[in-house]
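Visitor: my questions concern the predicted model and sequence given below.
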Amino acid sequence: MKEYLLSLKKYRVSIVTGILVVFAFLIGFGVGQDKSLASKKALFNIQNNEKQSAVKVDMSVFWTAWETLENKFVPSKGKTLITDDEKLWGAIQGLTSAYGDPYTVFMPPEEAKIFNGDISGSFEGVGMELGIKDGVITVVSPLKGTPAYNAGVKSGDKLITINGTSTEGLSVDGAVKLIRGTAGTKVKIKFYREKTDETFEKEITRAKIDIPTIETEVKGEAFVIKLYNFYAPSPNLFKDALRAFIDSGKSKLILDLRGNPGGYLDASVDMASWFLPLGKTIVREDFGGNTEETVYRSKGYDIFNENLKMVILVNEGSASASEILAGALREQRNAKLIGTKTFGKGSVQEVITLDGGSSLKVTIARWLTPLGNSISENGLDPDYIVEMTDKDIIAGKDPQLDKAIEVLKTL
């Protein structure tokens with residue numbers, strides 16, 4: 001544990017070696033409960049004959065390891081041997097781990113069910129969006145009004161243990177599985193906060209989480225739209241907020257994306273289209289040379305002329321679709337970004353449903369801004385860097401919003 005804490009301070013985490021990954025693969029794979037080892041070999045060879053002709057792999061080491069484990073492994077006291085399904089899931093998990101991408105993961109049926117709940121708009125848990133930052137499970141953003149938010153969890157906090165289980169080498173989906181639970185039950189999480197170089201533990205009571213979407217308010221001469229996510233209802237709610245902005249008679253807009261962990265790509269494209277002419281590039285999807293780049297362009301709603309004065313608030317909790325929208329409006333409409341560096345979640349995942357209710361989430365591309373800047377590699381650096389301290393929050397101050405109002409006066 002001490003060594004793990006040291007690695008967190010240096011933004012490092014132990015990486016599973018190729019040998020360990022192969023071992024995880026070998027431990028897990030099994031087909032057919034009532035087949036002999038020879039039958040399993042034959043079945044595998046028949047079903048994968050075409051694949052083996054394209055991919056040259058010596059499977060003898062696999063079967064040697066299989067036979068050794070089958071004949072020699074003794075479970076610890078009170079433990080039973082894993083099922084063939086569990087062996088299969090372990091094999092696929094080992095295979096996905098070999099790719100070294102924290103967002104490419106295999107989800108057994110139970111985890112797949114939890115993941116599907118993530119995009120439904122409500123779930124039972126503590127209410128914090130998680131990601132991988134520098135190889136470590138990290139809070140992208142606690143959702144406003146949730147148990148995590150009320151407990152003082154902040155964007156950038158790194159998870160060390162969950163109910164005593166180390167997060168070292170754990171996937172985001174694995175962490176979510178440990179944290180989720182029935183409303184009213186508790187989960188104990190140990191965090192590391194890099195800004196203060198401290199560890200602390202929180203026992204948080206789970207609750208039903210209803211994800212907030214949007215808020216609006218007037219601040220002097222500016223109209224503020226606070227957007228919390230990019231889920232299915234978000235585009236229509238955003239349209240209503242823009243209508244309220246027009247009705248307010250204000251000519252200065254602050255788009256607040258702080259703590260917004262993202263959501264659907266289509267939602268960010270739709271929102272950007274209110275500010276950009278038809279055909280303007282919003283984001284580019286780079287497949288790493290595997291296929292031709294896909295460009296997502298404005299739908300051309302473009303209801304605001306060039307006289308609109310707009311700034312965008314971002315921080316380390318702004319991720320994914322937030323970064324797409326902010327990057328597009330800065331590069332295509334010269335909107336100024338104010339706050340702190342964004343999270344840097346710019347990879348694209350496709351979820352493939354497999355047999356038995358399991359799923360495979362695969363990174364298939366990377367997001368690039370219209371000018372070709374990688375969101376994954378760099379995040380977005382604001383035009384005006386303004387920090388928000390705990391003292392500011394306690395005092396009810398918002399220096400980032402204050403700076404936004406100040407900048408708007410100069411535009």
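Guide: Nice, thanks for sending it over. Treat the numbers as computed from the prediction; the structure is a model and nothing was measured.
Visitor: every contact and neighbour count from this point should use C-alpha atoms.
Guide: Fine.
Visitor: where's the residue nearest the centre of the chain, which helix or strand?
Guide: Centroid-nearest residue in the chain: residue 131, 4.3 Å away (criterion: C-alpha atoms, centre = their mean). In the assignment (DSSP states H and E), residue 131 maps to strand 128-133.
Visitor: ok and the helix or strand following that strand relative to strand 128-133, angle-wise?
Guide: Next along the chain after strand 128-133, taking DSSP H and E as the criterion, comes strand 136-142. Per axes from the mean of the first three to the mean of the last three C-alpha atoms, to 10 degrees, the angle that strand 136-142 makes with strand 128-133 is 140 degrees.
Visitor: what's the first helix or strand after strand 136-142?
Guide: Next along from strand 136-142, by DSSP H and E: helix 147-150.
Visitor: hang on, the earlier thing: if we ignore the residues flanking it in sequence, what's nearest the residue nearest to the centre of the chain?
Guide: Leaving aside its sequence neighbours, residue 131 sits nearest to residue 138 (C-alpha to C-alpha, 6 or more residues apart in numbering; 5.3 Å).
Visitor: what's the neighbour count on the one you found?
Guide: By other C-alpha atoms under 10 Å, 25 other residues sit near residue 138.
Visitor: try residue 205
Guide: Quick note: residue 205 (other C-alpha under 10 Å) scores 19 neighbours.
Visitor: need the pLDDT of the nearest residue to it once chain neighbours are set aside.
Guide: Once flanking residues are discounted, residue 205 sits nearest to residue 186: 4.3 Å by C-alpha to C-alpha, 6+ apart. Predicted confidence (pLDDT) for residue 186: 97.
Visitor: for residue 186, phi and psi?
Guide: phi -110, psi 150 (degrees, to the nearest 10).
Visitor: what number of residues lie near it?
Guide: Residue 186 has 19 nearby residues by other C-alpha under 10 Å.
Visitor: one more: residue 110?
Guide: Residue 110 has 12 neighbours, counted by other C-alpha under 10 Å.
Visitor: and it, what helix or strand is that in?
Guide: Assigned by DSSP H and E, residue 110 belongs to helix 109-118.
Visitor: now swap in residue 215 and tell me
Guide: strand 214-219.
Visitor: other SSEs contacting that strand?
Guide: strand 222-227, helix 234-248 (3 or more C-alpha pairs under 8 Å, 6 or more residues apart in numbering; DSSP states H and E).
Visitor: list the buried residues of whichever helix or strand residue 403 is part of.
Guide: Secondary structure assignment for residue 403, by DSSP H and E: helix 399-410. Using 16 or more other C-alpha atoms under 10 Å as the test for burial, helix 399-410 gives 399, 400, 401, 403, 404, 405, 407, 408.
Visitor: try stretch 373-381
Guide: Residues of stretch 373-381 classed as buried by neighbour count (16+ other C-alpha under 10 Å): 373, 374, 375, 376, 379, 380, 381.
Visitor: end-to-end on that stretch?
Guide: By C-alpha to C-alpha, to the nearest Å, the extent of stretch 373-381 from end to end equals 11 Å.
Visitor: same check, this time on stretch 361-375
Guide: End-to-end distance for stretch 361-375: 20 Å, by C-alpha to C-alpha.
Visitor: can you tell me which of the helices and strands packed on strand 214-219 is most buried?
Guide: strand 222-227 (a mean of 23; mean count of other C-alpha atoms under 10 Å).
Visitor: show me what that strand is packed up against.
Guide: For strand 222-227, the packing partners by 3+ C-alpha pairs under 8 Å, 6+ apart are strand 214-219, helix 234-248, strand 252-256.
Visitor: which among the ones you listed is found nearest to residue 307?
Guide: Distance to residue 307, taken as C-alpha to C-alpha, is lowest for strand 252-256 among those, at 9.4 Å.
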